[in-house]
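K.L.:
let's see this in three dimensions:
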Amino acid sequence: MSTIVVDEIQASGGGKPLKLPMKDGTAGQSLTTDGAGQLKFADAGGAAGGADAAVAHPIGQAFYGVGAGSYTWTCPPDVTKVHVVCIGGGSSSVGSQWANGAGAGGGLAWKNNIPVVPGTEYIVYVGKGGNAGGTVKAGGESYFIDSNTVWAGGGSNATVGTFTGDGGGNGGSPGNSGGGGAGGYNGNGGNESTAGNGGGGGGGGTYSSTHGGAGGGGTGPFGQGASGTHVSYAGGTGGSGGQDGLMGENPYYSYGTQVNIRGGNYGGGAAGPGSDASTGHGISTGGYGCVRIIWGDNRSFPSTGCGDM
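P.N.:
Numbers count the residues shown, from 1 in each chain. Model prediction:
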């Protein structure tokens, strides 16, 4: 019996050639295409088998965190699932006088294996940090597709940001002086003067009732790392590579900041104000929110292949 050996097939009238699988699938599977010219065997639920198991999927990422608001992400070719982390914005301080209160940390949420379709546009929403100069003191929510898919709430002064997803953590609670840390990948952000958990940001310290408190630490979007710590007179340190919170100025020792004692990026709560009109007053800003999308083989949150690639 004669055998015809080919790697590709093409219609007689032309058109794009289709690459054949290298070997047979399993019983009950059908032949499908990935939309880019590669034929593969897949079961009724769409899971690929046979030769497709050896086909590498593209690796990539998209990050949204420079400005708050709504964005559109278009799914690249050959990408059929993504893994997403969202961090809500941290709250601003409540008022401009001592004892008005610091800001709560934003929540963090992650979700793996979200099904997507190449060429389709999906909504990405990035939460703002609570506003130092305006009337909106709460941090904004961050989500991918919608709030039921993967969502991280912003801190709202005394009310911490929460989350919806496969995992994550709530933001930390503030006090009069120290802001709450952003939520972690497997635990909550630190409350005032406490360390973060599960990779979350540390809470800001009770620095000074005169010159202002200290902001909560933010959480980084590149997978779970070390949790943020706290020092009684300084801002909470960032968790998982996030930004440290700032601290109020001590004019006698020339450190700290006079204005905007903000929470760290991403999601740290702002410091509470002090009583000194020249160095401690004012409403400070919460840390920004963000959304990060990753795809490719052997990648998933909270900590598998989550690095910058």
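K.L.:
low-confidence stretches in the stretch 201-309 of the chain?
P.N.:
Along the stretch 201-309 of the chain, the parts satisfying pLDDT under 70 run over 207-209, 249-258, 276-282.
K.L.:
let me see the ranges of the strands in it.
P.N.:
Taking DSSP state E, counting those that start in this stretch, the strands of the stretch 201-309 of the chain run over residues 290-295.
K.L.:
burial count for residue 42?
P.N.:
Residue 42 has 18 neighbouring residues, counting by other Cβ atoms under 10 Å. For glycine as for every other residue, the C-beta is placed from the backbone atoms N, C-alpha and C.
K.L.:
could you pull up phi and psi at residue 79?
P.N.:
phi -100, psi 120 (degrees, to the nearest 10).
K.L.:
list the contacts for it?
P.N.:
Neighbour list for residue 79: 57-58, 60, 116, 118, 295 [criterion: Cβ atoms under 8 Å, 6 or more residues apart in numbering].
K.L.:
show me what contacts residue 180?
P.N.:
Residues near residue 180 by Cβ under 8 Å, 6+ apart: 90-91, 102-105, 155, 160, 171-174, 189-192, 203-204, 216, 268-269.
K.L.:
try it again at 10 Å.
P.N.:
Neighbour list for residue 180: 90-91, 102-106, 155, 157-158, 160-161, 170-174, 188-192, 194, 196, 200-204, 215-217, 236, 245, 263, 267-270, 286 [criterion: Cβ atoms under 10 Å, 6 or more residues apart in numbering].
K.L.:
before we move on, the earlier item: name the member of the contacts of residue 79 with the most neighbours.
P.N.:
For the contacts of residue 79, the largest number of neighbours (other Cβ under 10 Å) sits with residue 295, at 22 neighbours.
K.L.:
among the contacts of residue 79, which are in strands?
P.N.:
In strands, judged by DSSP state E, the following of the contacts of residue 79 are found: 60, 295.
K.L.:
stretch 149-166: which residues count as buried?
P.N.:
Neighbour-count burial for stretch 149-166, with 16 or more other Cβ atoms under 10 Å as criterion, is recorded at 149-157, 160-166.
K.L.:
of the contacts of residue 79, which one scores lowest on pLDDT?
P.N.:
On pLDDT alone, residue 57 ranks lowest of the contacts of residue 79, at 80.
K.L.:
setting aside sequence neighbours, what's the nearest residue to that one?
P.N.:
In this structure, residue 57 finds its nearest non-sequential neighbour in residue 297, 5.3 Å apart by Cβ to Cβ, 6 or more residues apart in numbering.
K.L.:
surely the one you found touches residue 80?
P.N.:
No - counting by Cβ atoms under 10 Å, residue 297 does not reach residue 80; the two are 11.7 Å apart.
K.L.:
of these two, which one has the most company?
P.N.:
Each of residue 297 and residue 80 has its neighbours counted (other Cβ under 10 Å); residue 80 has more, 16 against 10.
K.L.:
having no further points to raise, I will conclude here.
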